[in-house]
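[1] Okay, sequence plus prediction incoming.
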Amino acid sequence: HVAATPAQPDFSLRCDDDKALVGPGSGYAMYVLATRRNGFNGEIKLSVENLPPGVTVIADRVREGMTQACVIFRAAPDAKPDFRRIRMFGTAEITLPDGKKETVRREVTPLQEIYLPGGGRSYFEADTHVVSVTEPSDVLLKLSTNQVQLKPGGTATVDVEVIRQKGYAKNVVLDVYLRHLGRKYGDPLPKGVSLDEGASKTLLGPNDTRGKIVLKAAPDAPEIESLPIAVLGQVSINFVVKVSHASEPLLLSVKK
């Protein structure tokens, strides 16, 4: 059958990925991907329900005009191993064709990653969304600041200390994007802001504990206030599969 309804502003939400693995004192970042329809361009407020004990979350919103947001889970240093099936939602106010306002709430659909022959990454929609408190993670990330302010055309440096745990002595790759083989799957940066790859130190060898992330703003970058992002510390399981550990939230602003 075919169902026809009047078109009105709307949105749907997906999340990359479907499970957060959070070690005590560490963090994990998920990336909410918004699909906007029929002229809707407003902000979408995010929320998460049913977190494990000892876990908190920074779930801000998909800002007006943006299509992604970074949701950052943090486990207390004394958090015990646990598991919860979570539910994530996005809420927005839309304007109907007749001019009336309506509040719309949509559940976020989690995406399960899958690796293809040759190492490519894809994903499919999953039924469950999960947060687990694990044993201590391989690395913890400590930032030199939790706020950074850029001027249009300017740059800002965030020093990153990598605390190695359980004798972990392999490479760690720093990033602000969720990416695989050069393709970005999660990009929480606002319009006009990017990672300055050449000025950053993102590949840390087995004995390295200090790196840096350099963010740069284009001359025409629009202003934005306190956008939460995270620095990722990625450790390899094999040639293809990586696990990302997230820093505490980094609040990014662009001001003239």
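    Done, it's in.
[2] Quick check: which element contains residue 45?
    Assigned by DSSP states H and E, residue 45 belongs to strand 44-49.
[3] Report the strands that pair with that strand, each with its relative direction.
    strand 61-62 (antiparallel), strand 87-95 (antiparallel) (DSSP bridges).
[4] So for residue 154, which of the ones you listed sits nearest?
    strand 61-62 (25.3 Å; C-beta to C-beta). For the C-beta atoms, the positions are set from N, CA and C on the backbone; glycine is no exception.
[5] continuing past that closest one, what's the next helix or strand?
    Toward the C-terminus, strand 61-62 is succeeded by strand 68-75 as the next helix or strand (DSSP H and E).
[6] average model confidence for that next one?
    Averaging pLDDT along strand 68-75 yields 97.
[7] what angle separates it from strand 44-49?
    If you take axes from the mean of the first three to the mean of the last three C-alpha atoms, to 10 degrees, strand 68-75 sits at 30 degrees to strand 44-49.
[8] Pairing partners for strand 68-75, with directions?
    strand 27-37 (antiparallel), strand 55-58 (antiparallel).
[9] Of all the residues in the shortest one, which ones are buried?
    Using 16 or more other C-beta atoms under 10 Å as the burial criterion, the residues of strand 55-58 that qualify are 55, 57, 58.
[10] Ok, the first one next?
    Residues of strand 27-37 classed as buried by neighbour count (16+ other C-beta under 10 Å): 27, 28, 29, 30, 31, 32, 33, 34, 36.
[11] hmm, what's the outermost residue in this protein?
    Centroid-distance maximum for the chain: residue 1 at 38.4 Å, with C-alpha atoms, centre = their mean.
[12] So for that residue, what's the pLDDT?
    At residue 1, pLDDT is 95.
[13] List the buried residues in stretch 46-54.
    Going by neighbour count (16+ other C-beta under 10 Å), the buried part of stretch 46-54 is 46, 48, 51, 52, 54.
[14] Closest one to residue 88 out of the buried residues of strand 55-58, please.
    Using C-beta to C-beta, residue 57 comes nearest to residue 88 of those, at 9.1 Å.
[15] That closest one pairs with what?
    In beta-bridge terms (that is, DSSP bridges), residue 57 pairs with residue 73.
[16] Surely it is in contact with residue 75?
    No. Checked against C-beta atoms under 8 Å, the pair residue 57 and residue 75 is beyond contact range at 10.4 Å.
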